[in-house]
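Peer 1: Provide a 3D model corresponding to the input given below.
(chains A and B)
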Amino acid sequence: MERKTIWKWFFVWDFEKEEQWLNEMASQGWALVGVGFCRYEFERCEPDAYVIRMQMDKNGRDYIQFIKDTGAEYIGRMVNWIYFRKDASLGAFELFSDIDSRIEHLKRIGYTLLMIGIGNLLIGIVNSLGTNSRFGWINLLCATFLMYGLGRIHGKIEALEKERTLRE
Amino acid sequence: MAENITLTEATYFILLALVQPNHGYGIMLKAEEMSNGRVRLAAGTLYGALNNMVEKGWIEQLPAESGSRKKEYSLTDLGLEILINETKRLKELAACGDEVLKGAY
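Peer 2: Sure thing, here's the model as predicted:
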């Protein structure tokens, strides 16, 4: 089977773009078979043979087994992101079907960004105050960047919450 | 005692599907079948909803049968009461709509 590897970077807050790109690959006849750090492995497939979905994991093996029991295949994980695919002929494949669960997922992503952001902020402050370290600014820069990401996630949550006042 | 609770559509269909014991994928198929294909519960949403409802005591996980690793769930008495109350509420709601829209459709 013909295979190829593509190296590509997505920010966490652009996970929807990442998923969209993976589905475009599938519709061009490249099915995702493996993930790694900025690395995506594909295998030749019939165009549009698979639907790809990804999300931040919360419940580990129990959850993955549950999704597999609904007819999807587990592709793999990259840190705490998990990737699935489902044979398109088996019907529609979504991980979330209502606003509440989408918001819950976004909040989990936001919380993770916040924790890493605070960690960088604290390390940055300590390093900046220390006499023998000149690299505190790197952590502060990371913290700033993560806070920007958090803002993007919050924007998505707010839009969904507004939507929820009218419908599910 | 079950208070008056407005259920989401997903919750309502999951409870309906669990009047008879069923597992996750079975619930998805049942909801789709009952709604003539309109209601498609996504697996992740369903997983979260099932866990929430077990915590609230509306449904319970059945002891695993030998040879099957799929978890089966079933309504509790409280869950049935909530389902009945919500069905009454929805009937009232639809009756209000019918009354106002008499003849409009």
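
Peer 1: Report the buried residues of the helix or strand containing residue A:160.
Peer 2: With the criterion set as DSSP states H and E, the secondary-structure element containing residue A:160 is helix A:136-164. Residues A:136, A:139, A:140, A:142, A:143, A:146, A:149, A:150, A:153, A:156, A:157 are the ones in helix A:136-164 that count as buried (16 or more other Cβ atoms under 10 Å in any protein chain shown). The C-beta positions use only the backbone N, C-alpha and C, and glycine is treated the same way.

Peer 1: and what of stretch B:70-82?
Peer 2: Of the residues in stretch B:70-82, those buried by neighbour count under the rule 16+ other Cβ under 10 Å are B:71, B:72, B:73, B:75, B:76, B:79, B:80, B:82.

Peer 1: Can I get the residues you listed in JSON lines including pLDDT?
Peer 2: Listed next are the buried residues of stretch B:70-82 as JSON lines, based on pLDDT from 0 to 100:
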{"residue": "B:71", "pLDDT": "88"}
{"residue": "B:72", "pLDDT": "92"}
{"residue": "B:73", "pLDDT": "95"}
{"residue": "B:75", "pLDDT": "96"}
{"residue": "B:76", "pLDDT": "96"}
{"residue": "B:79", "pLDDT": "95"}
{"residue": "B:80", "pLDDT": "95"}
{"residue": "B:82", "pLDDT": "95"}
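
Peer 1: What about chain A: which of those touch it?
Peer 2: With the criterion set as Cβ under 8 Å from any Cβ of the partner chain, the members of those near chain A are residue B:71.

Peer 1: The buried residues of stretch B:70-82 in helices, which ones?
Peer 2: Secondary structure of the buried residues of stretch B:70-82 is defined by DSSP state H; positions in helices are B:79, B:80, B:82.

Peer 1: any idea how far the closest residue to the second one other than its chain neighbours lies from chain A?
Peer 2: Read it as residue B:80. Once its chain neighbours are removed from consideration, residue B:80 has its nearest residue in residue B:19; the separation is 7.6 Å (Cβ to Cβ, 6 or more residues apart in numbering or on different chains). Distance, residue B:19 to chain A, by Cβ to the nearest Cβ, to the nearest Å: 21 Å.

Peer 1: ok, which stretches of the chain are helices?
Peer 2: Unless you meant another one, I'm taking chain A. Using DSSP H, helices in chain A cover A:15-27, A:60-69, A:99-129, A:136-164.

Peer 1: my bad, chain B
Peer 2: With DSSP H applied, chain B shows helices at B:9-17, B:24-34, B:43-56, B:77-100, listed in chain order.

Peer 1: For those, please prepare JSON lines with the additional fields distance to residue A:44.
Peer 2: As requested, the helices of chain B are arranged in JSON lines below (distance: least, Cβ to Cβ, whole Å):
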{"stretch": "helix B:9-17", "distance to residue A:44": "37"}
{"stretch": "helix B:24-34", "distance to residue A:44": "29"}
{"stretch": "helix B:43-56", "distance to residue A:44": "27"}
{"stretch": "helix B:77-100", "distance to residue A:44": "48"}
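
Peer 1: Can you tell me which of those helices is most buried?
Peer 2: Each of the helices of chain B was given a mean neighbour count from mean count of other Cβ atoms under 10 Å in any protein chain shown, and the largest, a mean of 22, is that of helix B:9-17.
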